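[1] sequence and predicted structure are below.
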Amino acid sequence: MSWCPMQLQAAIETEQSQICIDGVQHGARYAIQLRAGLPSADGETLRKDVKLDVYVPDRSPFVAFANNAYVMPAGLGGGLPITSVNAETADVMIYRIGDRSIAAAVRDGFSRGR
C-alpha cells in the first residue's frame, strides 16, 4: 500500500448516486474531503465537511489476447499481442489447425479456449 501525500490531478464526475474519481492509482490510498454544501441528487446539501480515507484496491490479475485474432500470420515476425494487468507471466498453448479443420474447430468451440 502506498500513500499519496501530494495534490491529486483527477477528473471528478457524478454517476447516479456515486461520485467517480478518474486519475487515481490502483493500490494507493487517498485522503478526500467533501465540502459542506455539496448537493445531492434529491436537492439536499452536505451540512459539514467530510474527510474520507479511501483505498483503491489493486486490479485482479488478468491476461487476454488484445483482439479476437485466432489466426497467426505466416512467416517470420508473426505474433499475437497480449494484454495483461498485474501478471508477470502467462501460460499459453498454441495449436496448429489445418485449413480443412478450421470449420470443425470453430463449431466445436475450440477457438473460444477450452
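    In hand now; what should we look at?

[2] and for S60, the neighbour number?
    Residues lying near S60 (other Cβ atoms under 10 Å) number 8. C-beta here means a position set from N, CA and C on the backbone, and glycine is covered the same way.

[3] doesn't S84 make contact with it?
    No: here S60 lies out of contact with S84, judged by Cβ atoms under 8 Å, at a distance of 11.6 Å.

[4] domains in this protein, by residue range?
    2-56, 62-112 (automatic domain parsing).

[5] backbone dihedrals for the residue lying farthest from the centre of the chain, please?
    Seen from the C-alpha centroid of the chain, the residue lying at the greatest distance (Cα atoms, centre = their mean) is R100, 37.6 Å away. When read as degrees, to the nearest 10, the backbone of R100 gives phi -80, psi -10.

[6] which SS state does the residue nearest to the spatial centre of the chain fall under?
    Nearest to the mean C-alpha position of the chain, by Cα atoms, centre = their mean, lies R59 at 6.8 Å. Counting by DSSP: H, G, I helix; E, B strand; the rest coil, the backbone at R59 sits in coil.

[7] low-confidence regions, the protein specifically.
    1-8, 67-78, 110-114 (pLDDT under 70).

[8] please enumerate the strands of it.
    Assigned by DSSP state E, the strands in the chain fall at 2-3, 11-15, 18-22, 28-34, 50-56, 62-65, 82-85.

[9] compare those and give me the one nearest A41.
    Nearest to A41, of all the strands of the chain, is strand 11-15, at 8.0 Å by Cβ to Cβ.
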